[in-house]
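**Q** Starting from these lines, generate the structure:
(chains A and B)
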Protein chains: 2
Amino acid sequence: MIEIPTPWLLFLGDVEDAISGKTSLAIAYWRPERCVGQLRLEGCRVDVGLEDLSAEEARSRGARAMIVGTVNPGGALPEHWTAAIVGALEAGLDVASGMHQRLADVPEIYSAAQSHGRRLFDIRHPSESLPCGTGEPRSGRRLLTVGTDCSVGKMFTSLALEKEMRARGMKVDFRATGQTGIFISGSGICVDAVVSDFIAGAAEVLSPAGEPDHWDVIEGQGSLYHPSFAGVTLGLIHGAQPEALVLCHEPTRSHMRGRPRQALPTVGECLEGVLGAARLTHREARVVGISVNTSGLTEAAAHRYLAELEEEHGLPAVDPTRTGVGRIVDALDPPAGSGS
Amino acid sequence: MIEIPTPWLLFLGDVEDAISGKTSLAIAYWRPERCVGQLRLEGCRVDVGLEDLSAEEARSRGARAMIVGTVNPGGALPEHWTAAIVGALEAGLDVASGMHQRLADVPEIYSAAQSHGRRLFDIRHPSESLPCGTGEPRSGRRLLTVGTDCSVGKMFTSLALEKEMRARGMKVDFRATGQTGIFISGSGICVDAVVSDFIAGAAEVLSPAGEPDHWDVIEGQGSLYHPSFAGVTLGLIHGAQPEALVLCHEPTRSHMRGRPRQALPTVGECLEGVLGAARLTHREARVVGISVNTSGLTEAAAHRYLAELEEEHGLPAVDPTRTGVGRIVDALDPPAGSGS
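**A** As a prediction, the model looks like this:
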């Protein structure tokens, strides 16, 4: 597990659109209490709504780490960001990044960290040695989000479920499986960066045996129906061993993300597919709800769509933003012996 | 791709059983023409049937590489093998290993290779940078073996199919996805050692677009029904994009390999499951046969079992050793426009 000291300065570099800045945007949305400000270079067009601070200012307000909260295809660190990252280390901040290229592989960054006694966190790269999965039943309760496609709101739904469950006094932890989720929760394992023999094992380590009334809400990755990433999804389903699955969906897609010729599966196909997969390691696994990102629909169309899904599949269908996820939490079985 | 210079000296160390020596045994069985001898340390109880040679003797008979043809749980190189490996490098042989622990990470071995100008091949570790899979349709014909469980004969069946197809004058290549297969074919990618984001991409690289009448026979890995490794299997199915699948099975297992509490799937379940998975990237995928390792049955029971499978599933059911795989090759569609 990765534990990055808080609070944080969010580094946006000079990214030009919300997709490139999505890690910072999600951190500021879900964990505002952990953020003291943002650091933007000239030309940056993304604003997460926090005060603009230099590394020194952030440090003097208590910041302990700077998060490189950006994504780009290929995951390389732009060379012209090196000076700002070195500056943060000099100012007394640790630095964390979720890019594929390691901070520690940039010589100036590595030597600045060494000479200032600061830590570098390359969170995309699992540091611990992982076991193969076993599939052995374990205690505690687990919910996993799955998707009809990539980027349909699995992390958002997971965090919304955690928040709702916590507000109800339930014992719950969000378990992150991707870089943004790891920054938000402060720990986790990027399962897409694990050697493939150990995907299920990573999910087992991530959501270990727990108290009988404790829930792990595990962030899903990819989709069983995405031709690039389905192996990651299946290993995660098997290792997470969920008793409850929530299917996430975005209804306006015309094709699988990044694959223009790959048709989307239907919600019904996905429900059947994920359940079949999950039952290999949890015989009583069931889908407890559908979570839809309806931001592409009007309010009226969104509610109509959710009502149709409910009717067709007999499951609560929600939009975490428009309706909240309370009805999915209602649908979770009470712990055995609770008398309700 | 890994191209190890031939012919080879097979190194068995001091392994005590056939499972530990299975890589050498399979190489000697499938590629005797590549082997000049075996090198065994005191205490070794496995004999692949080749002449015992020292590294110097092997070199003088033309050997160009020594293969560490053993497996063990964890994949560490026993320390007391270092001297023999260094000796092979000194004698002028390159050395190749499929263990998880890299030859190059053992200082004595690394420096001996450097000073003698020899190469080390750590074939478990993909050396090339791999892309994510795309699922885009590609030319050429592809057959993938899949299994009800791990270690049920997928590699053996694939090699038997390649041999039979070649004997019939078909254009065919065996595509290796594991260490033993890579040694046998001289090239390939260990998909279980690939970062999980790139499993499907690795399979696409391994079995690229080809001539319309050329077959890739791709070695399967794991099983969709094995809780430790199914993610690898699914990514491989999607990336391999097979039009033809052969299901491999071992009928005497009481549980999934290494998982005493995990029941085996039925052959019928597997046929349905692998077909559903394969159709994501090849809509006309079909299962063309069942290949059974009947070595645990008597001759009469084996033939009865194969007949029952044929009857139940309407597919040719063979044992590569007892019956050969000809009836599966018969079941492959002729190339479009061949007039037959």
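**Q** wait, what's in contact with the closest residue in space to A:Gln241 that isn't next to it in sequence?
**A** Nearest non-adjacent residue to A:Gln241, counting by Cβ to Cβ, 6 or more residues apart in numbering or on different chains: A:Thr281, 4.6 Å away. C-beta coordinates here come from the backbone N, C-alpha and C atoms, glycine included. Applying Cβ atoms under 8 Å, 6 or more residues apart in numbering or on different chains to A:Thr281 gives the contacts A:Gly135, A:Pro137, A:Ile237, A:His238, A:Gly239, A:Gln241, B:Pro227.
**Q** Narrow those to just the buried residues.
**A** A:Gly135, A:Ile237, A:His238, A:Gly239, A:Gln241, B:Pro227 (16 or more other Cβ atoms under 10 Å in any protein chain shown).
**Q** State the distance from the first one to A:Leu280.
**A** It refers to A:Gly135. 7 Å (Cβ to Cβ, to the nearest Å).
**Q** what does the fifth one give?
**A** Between A:Gln241 and A:Leu280 the distance, using Cβ to Cβ, works out to 9 Å.
**Q** cool, A:Ala160 as well?
**A** On the measure of Cβ to Cβ, A:Ala160 and A:Leu280 end up 28 Å apart.
**Q** for A:Asp213, same thing?
**A** Counting by Cβ to Cβ - A:Asp213 and A:Leu280 are separated by 25 Å.
**Q** Using the three-state scheme, assign A:Phe156.
**A** Put simply, A:Phe156 is helix when judged by DSSP: H, G, I helix; E, B strand; the rest coil.
**Q** For it, which non-adjacent residue is spatially closest?
**A** That would be A:Pro320: by Cβ to Cβ, 6+ apart, it lies 5.8 Å from A:Phe156.
**Q** these two touch, right, A:Asp319 and A:Thr294?
**A** Yes. Taking contacts as Cβ atoms under 8 Å, A:Asp319 lies within contact range of A:Thr294: 4.6 Å.
**Q** So the two - more neighbours on which side?
**A** Between A:Asp319 and A:Thr294, counted using other Cβ atoms under 10 Å in any protein chain shown, the more crowded position is A:Thr294 (25 against 22).
**Q** For the stretch 151-300 of chain A, which residues are neighbours of chain B?
**A** A:191-197, A:199-201, A:224-225, A:227-236, A:238-239, A:259, A:261-262, A:273, A:276-277, A:280-281 (Cβ under 8 Å from any Cβ of the partner chain).
**Q** ok, 7 Å please
**A** Residues of the stretch 151-300 of chain A lying near chain B by Cβ under 7 Å from any Cβ of the partner chain: A:191-197, A:199-200, A:225, A:227-232, A:234-235, A:238, A:259, A:261-262, A:280-281.
**Q** List buried members of those by neighbour count.
**A** The buried subset of these - by 16+ other Cβ under 10 Å - is A:191-197, A:199-200, A:225, A:227-232, A:234-235, A:238, A:259, A:262, A:280-281.
**Q** Out of the residues of the stretch 151-300 of chain A next to chain B, list just those in helices.
**A** A:Ile199, A:Ala200, A:Ala230, A:Gly231, A:Val232, A:Leu234, A:Gly235, A:His238 (DSSP state H).
**Q** Hmm, the second one is touching B:Ser228, no?
**A** Put plainly, it is A:Ala200. Yes. Counting by Cβ atoms under 7 Å, A:Ala200 touches B:Ser228, with 5.7 Å between them.
**Q** Give the residues shared as contacts by the two.
**A** A:Gly133 (Cβ atoms under 7 Å, 6 or more residues apart in numbering or on different chains).
**Q** Show me what the helix or strand hosting A:Ala58 packs onto, helices and strands only.
**A** Per DSSP states H and E, A:Ala58 falls inside helix A:55-60. Applying 3 or more Cβ pairs under 7 Å, 6 or more residues apart in numbering or on different chains; DSSP states H and E, we find helix A:55-60 packed against strand A:35-40.
**Q** list residues touching both of A:Gly135 and A:Leu280?
**A** Contacts common to A:Gly135 and A:Leu280, judged by Cβ under 7 Å, 6+ apart, are A:His238, B:Pro227.
**Q** give me the low-pLDDT residue ranges for chain A?
**A** A:1, A:73-74, A:127, A:335-340 (pLDDT under 70).
**Q** ok, now with 80
**A** A:1-3, A:19, A:72-75, A:100, A:126-128, A:333-340 (pLDDT under 80).
**Q** Looking at the stretch 51-200 of chain A, which residue is nearest chain B?
**A** A:Gly135 (2.8 Å; Cβ to the nearest Cβ).
**Q** from memory that residue sits against B:His226, does it?
**A** No. Applying Cβ under 7 Å as the test, A:Gly135 and B:His226 come out as separate, 8.3 Å apart.
**Q** All the strands of chain A, in order from the start?
**A** Under the criterion DSSP state E, chain A contains strands at A:8-13, A:35-40, A:65-68, A:94-97, A:120-122, A:141-147, A:171-175, A:214-218, A:244-249, A:286-292, A:317-318.
**Q** any idea which residue sits dead centre in chain A?
**A** A:Gly181 (3.3 Å; Cα atoms, centre = their mean).
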